[in-house]
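[1] give me a model of this one.
(2 chains)
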There are 2 protein chains.
Amino acid sequence: MEFSLIDRIRERTAQGRDDVRLGIGDDAAVVSVPAGQELAVAIDTMVEGVHFPPGTRAADIGWKSLAVNLSDLAAMGATPAWALLAMTLPKGDADFIDDFATGFAQLAQSYRLALVGGDTTRGALTISVAVHGFVPPGKALMRDGAKPGDAIFVTGTLGDAAAGLQLLGKHGDDDARSLFLIERLNRPTPRVAAGLALRSHATACIDVSDGLLADLGHICVASGVGAEIDVSLLPRSSSLLDLFDDTTSWDFALSGGDDYELCFTVPTQHIAAVQADFARLGCGATKIGRIVEGEGVSVRHADGKPLELTHRGWDHFTS
Amino acid sequence: MEFSLIDRIRERTAQGRDDVRLGIGDDAAVVSVPAGQELAVAIDTMVEGVHFPPGTRAADIGWKSLAVNLSDLAAMGATPAWALLAMTLPKGDADFIDDFATGFAQLAQSYRLALVGGDTTRGALTISVAVHGFVPPGKALMRDGAKPGDAIFVTGTLGDAAAGLQLLGKHGDDDARSLFLIERLNRPTPRVAAGLALRSHATACIDVSDGLLADLGHICVASGVGAEIDVSLLPRSSSLLDLFDDTTSWDFALSGGDDYELCFTVPTQHIAAVQADFARLGCGATKIGRIVEGEGVSVRHADGKPLELTHRGWDHFTS
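    Below is the predicted model:
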C-alpha cells in the first residue's frame, strides 16, 4: 500500500535530480543543498471536511495538497526542490490512489520537484506535505519588513476560491464561469515565479491562504505597521463579478481563504520595476493600497468611506 | 490553536541553533546545511488506533512521534538537526496539547533538535513528523551493502515493545517488569549514537520498526543476499524472559514491531571494532547471525534445527 502510492508518484515525477543522492526506499532520503543556497522548509496539512469537502476528486486533492505548500515556498521567494508526503486514507482504493498520484505529479513536474519520502497509513483522509526549496542567504521574503509608505500589491485575482466553494454542487455549476471559480478552488496555482521576481523588490510577502485581511494582518503585526486598502482596487475575476454582487464579491476577496495569491509590499521607487516584471509573469499584480503608521488593516471605498466588514478571514481550527 | 501547540514545543526546544536562519512564524523556515554535509530527510506518521492505542498518554505520543523519526535518521548514521510537525487532533484540549509538547520536547532537547515548522488542524488524532539530519557525503548507512559472510548485529534487546503492548491495561501492569516493557513500547530510544558509530563499520543498516524478520528481510532484498539467525542469540531483556515463555518471547523478538533498535551487518574484520565501540555506547550490540548467499531470512535453534514461525512482521496497513 505504502509503496503503491509513493511509488506511483515517484515514477511520475523528477527522477534525475543530481541533488537527490539517495531517493525513496531506505530509512531516509539523502539530498544535497547547492553551495551558496539556504533551505526553505514548510509543512501543511489538508483534512477532508476541513480543507476540502467530501467528494472532492482525488486528482484535485493531490494537486492542492502540493500547491498549498509550494505557495508557502513562493511566499518566501524560494525555488522548489523536494517534497515528503504523509497520507492517511480510510481504505486502499486503487483508483483514488492512482488519481491522487496523477494530480500531485502534474504539479510536481512543473517544478522538477522530486518526491524523496513518504508514509501512508490507514486513517481518516489526511494529507501532510513537507516541501523544501532553495533561497540565497539573506534573500528570503519575510513578513516583517513592510514600511509606512510602501505600496501593497496582490497577484492574480481574489475571492475566486470562496466563490467556487459556494458554487460546488449547486444548480448551474457546469456553467463555464462556475467551472472557472471551482477550478480556482480545487487547483490553485502557486505563484512561484512571482516570488522569485519579488526577491529584488518586496519588503514583505505572504500567501493569501486565510483571506486577505487575515494574511495582510500578519504582515502588519510582524512589521509593526498598519495597512489601508481601497476596496475598488481589489482585483476580481470577470466570473466572480458576473455571478456575485459587489458586496458578496468584496467579502470573498477580503475574507475568503484558499486563493493562494501573494500579497506583498513594495517601496514606491520599486513600483515601476515590479509592474515591468509582472508584465512578463502572466499572473499580474495589482496595487490595492498602502502601508501606514499604526496597526490593523482598514478598508475604504474609493470615496474614502470605510467598508463594513462581515468576516475577518477563515480559521480552520476555531475551538 | 496552531500557535499554541507549536509555540509550546518551540519554547521548550533548541532556540539558539546557528543553522536556523529563520524559525517558526513566517510562511516557511530558512535553515542552512553546514558545508561538507548532506541532508538525510524522512517523514513518518502515527495514527491513534493504528500505531498507539486510544488512551495512550499525550506525553508518550509526543515522545514517540519524534522517536520513530529519529530512529530513521539513526539508521542512516545521520546527526539530527531539525523537525517539522503536522498534527490533527479532535479538539483543542489544553492539557493534552501541553503534555504532548512536553514529551516531544524532552526527546528533542537530547539532540538540540529545533522544531522549525508545524501545522495543526482539527481531525482524527494523527501526527506526522518530518526530520532532517546531517551526514557526510557518501557516509550514509544504506540497506544494500550486506555481503555474504558479514555478521548480523542488533542493538539493545528485541521483543520488549510487543510484550509491552500485550501487557497494557492488564492485571499486574504496575509490576516493575511490566512497566519496563510498556515504557519500551511508549518511549523508544532512537539509537542515534549507535548509528553515528556504525558509519565506519556497517555495510548495511535498518531500524527495527516492523519486526526483525521483516526489517532484516528488507536488507536481504536490497543487498541480494540471505540471512541466517540463531534464535538462541537473540537479545531479550530479563523482564521479557521473566514474564513470557521462550516461544512467545522469540516470537516477539522476531516479529514484534516498535522496538526501534538498529539491525546492521558488519564484515568479520570489523567485529572487534564494533564491539569496542558499543562497549562505550551503553545500548550494547549483539551478534545474532550472518549473511549468506541466497535470499530470505532463516531462523535456527542452536542445534541447527529450523524454528517454526508464527508471524512475519507487522504491517500497519494490511488492506
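[2] so who does the most centrally placed residue in chain A touch?
    The residue at the geometric middle of chain A, judged as the C-alpha nearest the mean C-alpha position with CA atoms, centre = their mean, is A:Tyr260 (3.0 Å). A:Tyr260 makes contact with A:67-68, A:71, A:161, A:188-191, A:207-209 under the criterion CB atoms under 8 Å, 6 or more residues apart in numbering or on different chains. Backbone N, C-alpha and C define where each C-beta goes, glycine included.
[3] quick one: which of these is nearest A:Gly226?
    For A:Gly226, the nearest member of these is A:Val208. The distance, counting by CB to CB, is 18.3 Å.
[4] residues near that closest one, how many?
    Applying other CB atoms under 10 Å in any protein chain shown, we find 29 residues neighbouring A:Val208.
[5] can I assume it is in contact with A:Phe264?
    No. The pair A:Val208 and A:Phe264 does not pass the contact test of CB atoms under 8 Å, sitting 10.4 Å apart.
[6] so for those two, which residues contact both of them?
    Listed contacts common to A:Val208 and A:Phe264 are A:Val154; contacts here mean CB under 8 Å, 6+ apart.
[7] so A:Ala78 sits against A:Phe134, correct?
    Yes. With contact defined as CB under 8 Å, A:Ala78 reaches A:Phe134; the gap is 6.2 Å.
[8] show me which of the two is the more surrounded one.
    When A:Ala78 is set against A:Phe134 and neighbours are counted by other CB under 10 Å, the residue ahead is A:Ala78, at 32 against 18.
[9] check contacts around that one.
    Applying CB under 8 Å, 6+ apart, we find A:Ala78 in contact with A:40, A:133-135, A:140, A:195, B:28.
[10] remind me which helix or strand A:Asp258 belongs to.
    Under DSSP states H and E, no helix or strand contains A:Asp258.
[11] where does it land on pLDDT?
    pLDDT, the model's per-residue confidence, is 94 for A:Asp258.
[12] got it, and A:Asp93?
    According to the model, A:Asp93 scores 81 on pLDDT.
[13] from chain B, how far off is it?
    Separation of A:Asp93 from chain B (CB to the nearest CB, to the nearest Å): 10 Å.
[14] what of A:Thr268?
    When CB to the nearest CB is the yardstick, A:Thr268 and chain B sit 24 Å from each other.
[15] how about stretch A:27-47: buried residues?
    A:27-31, A:33, A:37-47 (16 or more other CB atoms under 10 Å in any protein chain shown).
[16] ok, and of the residues you listed, which contact chain B?
    Residues of the buried residues of stretch A:27-47 in contact with chain B (CB under 8 Å from any CB of the partner chain): A:27-31, A:33, A:38-45, A:47.
[17] sitting in helices, which of those do you find?
    In helices, judged by DSSP state H, none of these are found.
[18] which one of these sits closest to A:Leu107?
    Nearest to A:Leu107, judged by CB to CB, of these is A:Asp44 at 13.9 Å.
[19] can I see the domain layout of chain A?
    As given by automatic domain parsing, the domain ranges for chain A are A:2-135, A:151-300.
[20] and the contacts of stretch A:89-102?
    Under CB under 8 Å, 6+ apart, the answer for stretch A:89-102 is A:1, A:4-5, A:8-9, A:12, A:57-59, A:61-62, A:87, A:120, A:122-125, B:317, B:319.
[21] just the buried residues of these.
    When those are checked for burial by 16+ other CB under 10 Å, the buried set is A:1, A:5, A:8-9, A:12, A:58-59, A:61-62, A:87, A:120, A:122-125, B:317.
[22] just the ones in helices from those, please.
    Using DSSP H, A:5, A:8-9, A:58-59, A:61-62 are the members of those that sit in helices.
[23] what residues does the stretch 151-300 of chain A put near chain B?
    Contacts of the stretch 151-300 of chain A with chain B, taken as CB under 8 Å from any CB, map to A:205-207, A:222.
[24] for B:Leu22, state which of these is nearest.
    Nearest to B:Leu22 out of these is A:Ala222 (CB to CB; 11.6 Å).
[25] and the gap between the closest one and A:Ala272?
    Taking CB to CB, to the nearest Å as the measure, A:Ala222 and A:Ala272 are separated by 26 Å.
[26] how far out from the middle of the chain is stretch A:258-269?
    Taking the mean of its C-alpha atoms, stretch A:258-269 sits 12 Å from the chain's own mean (CA atoms, centre = their mean, to the nearest Å).
[27] wait, I meant stretch A:186-196
    When C-alpha coordinates are averaged (CA atoms, centre = their mean), stretch A:186-196 and its chain have centres 6 Å apart.
[28] avg pLDDT for that stretch?
    Stretch A:186-196 carries an average pLDDT of 97.
[29] show residues contacting it.
    The set of residues external to stretch A:186-196 that reach it, using CB under 8 Å, 6+ apart, is A:52, A:56-57, A:60, A:63-64, A:67-68, A:70-71, A:73-80, A:107, A:111, A:141, A:155-156, A:161, A:164, A:205, A:207, A:258-262, A:278, A:281-283, A:285.
[30] just to be sure, which of those residues are found in helices?
    Members of the contacts of stretch A:186-196 lying in helices (criterion: DSSP H): A:60, A:63-64, A:67-68, A:70-71, A:73-76, A:107, A:161, A:164, A:278, A:281.
[31] from those residues, which is closest to A:Ala253?
    Ranked by distance to A:Ala253 (CB to CB), the ones in helices among the contacts of stretch A:186-196 are led by A:Ala161 at 10.4 Å.
[32] isn't the closest one up against A:Gly256?
    Yes. With contact defined as CB under 8 Å, A:Ala161 and A:Gly256 form a contacting pair (6.1 Å).
[33] what sits against A:Asp19?
    For A:Asp19, the contact set (CB under 8 Å, 6+ apart) comprises A:31-34, A:81-82.
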